[in-house]
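>>> generate coordinates for the sequence data below:
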Amino acid sequence: MRKREPLARIAGLSVANPPHVLHQKEVAERAGELFGDSLPSFGRLRPVYENAEIETRYSCVPITWYQEQHGFGARNELYLKNAVELLEQAALSALNKCGRSIDEIDGIVTVSSSGIATPSLDALLMERMSFRRSVQRLPVFGLGCAGGVLGLARAAQMAASRPGSLYLFLVVELCGLTFRSRDFSKSNVIATALFGDGAAAALVGTGIEGDGAIVASGEHTWPGTLDVMGWDVTDDGLAVVFSRDIPHHVRTKMREALDGYLAEEELTLAEHRHFLCHPGGAKVLDALEEIFDLDDGEMRHSRETLRSFGNMSAATVMFVLEAAIRDGLTGRALLSSLGPGFTAGFLSMDLT
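Numbers count the residues shown, from 1 in each chain. Take a look at the predicted model:
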């Protein structure tokens, strides 16, 4: 592995979840009660709960909430309240791990696509935490599941442009709040088997020691793929858009995008020892293992995160990275994710 000067380093990575635990077996039972009489095809869809390879997820609302109808305003009010609380919890943990104080933060990069916040989440957080009033703020919306990788890349680029500065990278997604009980589409049913809520925080800077060094990042947006993934805005909330072709797209298109990133950054796949990929779903992980030519178990952190937390959109890859760091992994790792656009995000990091 060729040594490269880092763009920035990451430290204090911390994750947070809301209090309500959703067990997949109970979710499947509740979904059967909700959809069974109104959706004739639900019997064919029911195996998705087992095939998702998820055991537990976390939610900011109890499971009974999902069986009721809620308007967009009520959902978004819950989003604002819970997102800020989770971000504060994760941010304080990250600062404590590094022994740093809030007034040392020069900038905040906040990623979230599962609700609307204006003023943005970072501004709301500043009313709860004593950041300097001159702190730079960059709220990032719309990257969906790709936001963890691409948001971290943006934070690293900003830190690299201001040597000695210290940035707080934040990501929170409350995907469960987007479930709509009167939506009988296949995408909505699949979402009930996948989505969970979570948040993460980390310090990013050029003058810090910690969990790893970010050495490169890149992305690729395919043409004609705007309908692959995203949200449709409806009167009662955000309706999830999923294409059934995502695993096929990964198998047939992802490697070309990855090779383009590696060539542009003068990297090779062989020098990456670890693959920390956003677990959008079990089938997507299967496809990624094929294109990376990995053996069973080499993506265990992604699979274990999916099993314990589900798909938390942009936050999920940070949970995967946190698990790898906690396990003491060292060497170069490739982080990847896929999000609306349809876009792939890549980031190479030297774990220490």
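
>>> count of residues packed around the closest residue to residue 28 other than its chain neighbours?
Nearest residue to residue 28 in three dimensions, chain neighbours excluded: residue 49, at 3.9 Å (C-beta to C-beta, 6 or more residues apart in numbering). For glycine as for every other residue, the C-beta is placed from the backbone atoms N, C-alpha and C. As a burial measure, residue 49 scores 20 neighbours (other C-beta atoms under 10 Å).

>>> check residue 30 too.
So residue 30, with other C-beta under 10 Å, has 16 neighbours.

>>> equivalent analysis for residue 152, please.
31.

>>> give me the element it is part of.
Element membership of residue 152 [criterion: DSSP states H and E] is helix 147-161.

>>> after that helix, which helix or strand is next?
strand 166-174.

>>> give me the below-cutoff pLDDT ranges for this structure.
Along the chain, segments meeting pLDDT under 70 span 1-3.

>>> isn't residue 157 right next to residue 6, touching?
No. Taking contacts as C-beta atoms under 8 Å, residue 157 lies outside contact range of residue 6: 11.9 Å.

>>> compare the two and say which is more crowded by neighbours.
A direct count of neighbours by other C-beta under 10 Å for residue 157 and residue 6 places residue 6 higher, at 18 against 15.

>>> check contacts around that one.
206, 213-215, 350 (C-beta atoms under 8 Å, 6 or more residues apart in numbering).

>>> state the distance from the nearest residue to it once chain neighbours are set aside to residue 11.
Closest residue in space to residue 6, ignoring its immediate chain neighbours: residue 213 at 3.4 Å, by C-beta to C-beta, 6+ apart. Using C-beta to C-beta, to the nearest Å, residue 213 is found at 10 Å from residue 11.

>>> these two: which has the busier surroundings?
Just comparing residue 213 and residue 11: by other C-beta under 10 Å the higher neighbour count belongs to residue 213, 22 against 19.

>>> show me what the helix or strand harbouring that one is packed against.
Element membership for residue 213 (DSSP H and E) is strand 212-221. For strand 212-221, the packing partners by 3 or more C-beta pairs under 8 Å, 6 or more residues apart in numbering; DSSP states H and E come out as strand 8-16, helix 147-161, helix 255-264, strand 343-351.

>>> right, and these - which one's nearest residue 63?
strand 8-16 (20.0 Å; C-beta to C-beta).

>>> ok, that closest one: who's next to it in the sheet?
Here strand 8-16 is paired, per DSSP bridges, with strand 197-205 (antiparallel), strand 212-221 (antiparallel).

>>> angle of the longest one against strand 343-351?
So the one you mean is strand 212-221. Orientation check (axes from the mean of the first three to the mean of the last three C-alpha atoms, to 10 degrees): strand 212-221 against strand 343-351 gives 170 degrees.

>>> so what touches strand 212-221?
Residues from elsewhere that reach strand 212-221 (C-beta under 8 Å, 6+ apart): 4-10, 146, 149-150, 152-153, 156-157, 204, 257, 260-261, 264-265, 267, 325, 332-333, 341-352.

>>> just give me how far it sits from the chain centre.
15 Å (C-alpha atoms, centre = their mean, to the nearest Å).

>>> buried ones in it, by neighbour count?
The neighbour-count check on strand 212-221 (16 or more other C-beta atoms under 10 Å) flags 212-220 as buried.

>>> residues near the nearest residue to residue 154 once chain neighbours are set aside, how many?
In this structure, residue 154 finds its nearest non-sequential neighbour in residue 109, 5.9 Å apart by C-beta to C-beta, 6+ apart. Neighbourhood size, residue 109 [other C-beta under 10 Å]: 25.

>>> helices of the stretch 51-200 of the chain, residue ranges please.
Here the stretch 51-200 of the chain has its helices, by DSSP state H, counting those that start in this stretch, at 72-98, 121-126, 147-161, 186-194.

>>> turn those into CSV, including distance to residue 232.
Shown next, in CSV, are those (distance: least, C-beta to C-beta, whole Å):
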stretch, distance to residue 232
helix 72-98, 12
helix 121-126, 22
helix 147-161, 19
helix 186-194, 9
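
>>> and residue 316, which of these is closest to it?
Among the helices of the stretch 51-200 of the chain, helix 147-161 sits nearest to residue 316 (C-beta to C-beta), with 6.6 Å.

>>> buried sites along the closest one?
For helix 147-161, burial by neighbour count (16+ other C-beta under 10 Å) applies to 147-156, 158-160.
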